Structure formats: structure tokens, C-alpha cells
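1. I'd like to go over a predicted model; first the sequence, then the structure.
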Amino acid sequence: MKLVLSIVVLVLVIFTLTGCKDDPTKVAKSFLSAIENQDFDKAMEFSTEHTQGELSGIKNWVGRLTEEDQKNLKKEKYRVEGFTLDGDKALVSYGEVSPKMTSSGKRMSMIKQNGIWKVDTYEIKYRFEDDILWLEFD
């Protein structure tokens, strides 16, 4: 019985320690998911003040599109590929995933503010039927 209890405690300790890694990808994935769904208010929750301003502009821009253009607006899908840490800063790499193509090499700068990772800059693209519009923020 003591052996089983010891193993359970050991597994819990290992699980807890590995779960404490300083990993900004959870926030990056939440941010990208909100962008995929064009939920700019939700994306702002994961953003610095700088990025919130940019997202507000995008939200207003999308809101001014005609109904037909909004229907043609393609929702992109993204996947996080990795990250590097430098103190309270992180650089997250991610790419676009679609049935016809997969791209990588996009970057998202993140800053830890009050112990919470926030998106500071990112690259995003909106695609229409015949046109591609890149919105890149530095």
C-alpha cells in the first residue's frame, strides 16, 4: 500500500513540475483561435494595449465591409509551431493551415505583464476570393 501511495505521489509531483513550465503557447493558441473566429474582443483579452489598438482597428475595418465582402472573407486556421524565451519576452512561431496549403514562419512577439503572457505583435492575413490583404504589425 505504501508503494502504491508513493508512486501516486511521485507521479503527481512530476506532473505538477512539468506543468509549471513557462510556456506562452497556451495564450498564443487562445489568441489565434479568437482571430480565426473573428472574435476581436476575445483576442484583445490576450493582448497588450498596443495590440488591442490594432485589433480595434481591424474590428472596425471588418465591420465596414459590405455583407457580400464579409461572406467572402475567408477564415484562416493557424497552428503554433514553437517558441523561444528571453526573460519576460517570448517569440512564438506559427503557421497557416488550409486544405490547399500550409505555411509557416509567422512570428508573434509576446510580453509577460503581471505574470501573464500577452500578445504584443503578430502577423495576420485576411483573404478574399480574388485578393489577399496582409495586416502585419511590428
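-> The structure has been received and is ready for your questions.
2. ok, residue 66 - how many residues close by?
-> Residues within reach of residue 66, counting by other Cβ atoms under 10 Å, total 8. Using the backbone N, CA and C atoms, a C-beta is placed for each residue, glycine as well.
3. Next, the contact list for it, please.
-> By Cβ atoms under 8 Å, 6 or more residues apart in numbering, the contact set of residue 66 is empty.
4. in the sheet, who's paired with residue 91?
-> Beta bridges link residue 91 to residue 84, residue 109, judged by DSSP bridges.
5. wait, isn't it in contact with residue 80?
-> No - look at residue 91 against residue 80 with Cβ atoms under 8 Å: they stay out of range, at 11.7 Å.
6. Let me see the residues that make contact with the helix or strand hosting residue 80.
-> Applying DSSP states H and E as the criterion places residue 80 in strand 77-86. With contacts defined as Cβ under 8 Å, 6+ apart, strand 77-86 is touched by 22-25, 28-29, 32, 35-36, 90-98, 104, 106.
7. What of stretch 106-120?
-> 24, 26-28, 31, 43, 46-48, 50-51, 78, 88-96, 121-123.
8. Name the residues of that stretch that come out as buried.
-> Residues of stretch 106-120 classed as buried: 106, 108, 109, 110, 111, 112, 117, 118, 119, 120 (neighbour count, 16 or more other Cβ atoms under 10 Å).
9. ok, back up a step: out of the contacts of stretch 106-120, which sit inside strands?
-> The strands, defined by DSSP state E, take in 78, 89, 90, 91, 92, 93, 94, 95, 96, 121, 123 from the contacts of stretch 106-120.
10. Out of those residues, which one has the lowest pLDDT?
-> Across the ones in strands among the contacts of stretch 106-120, the member with the lowest pLDDT is residue 123, scoring 73.
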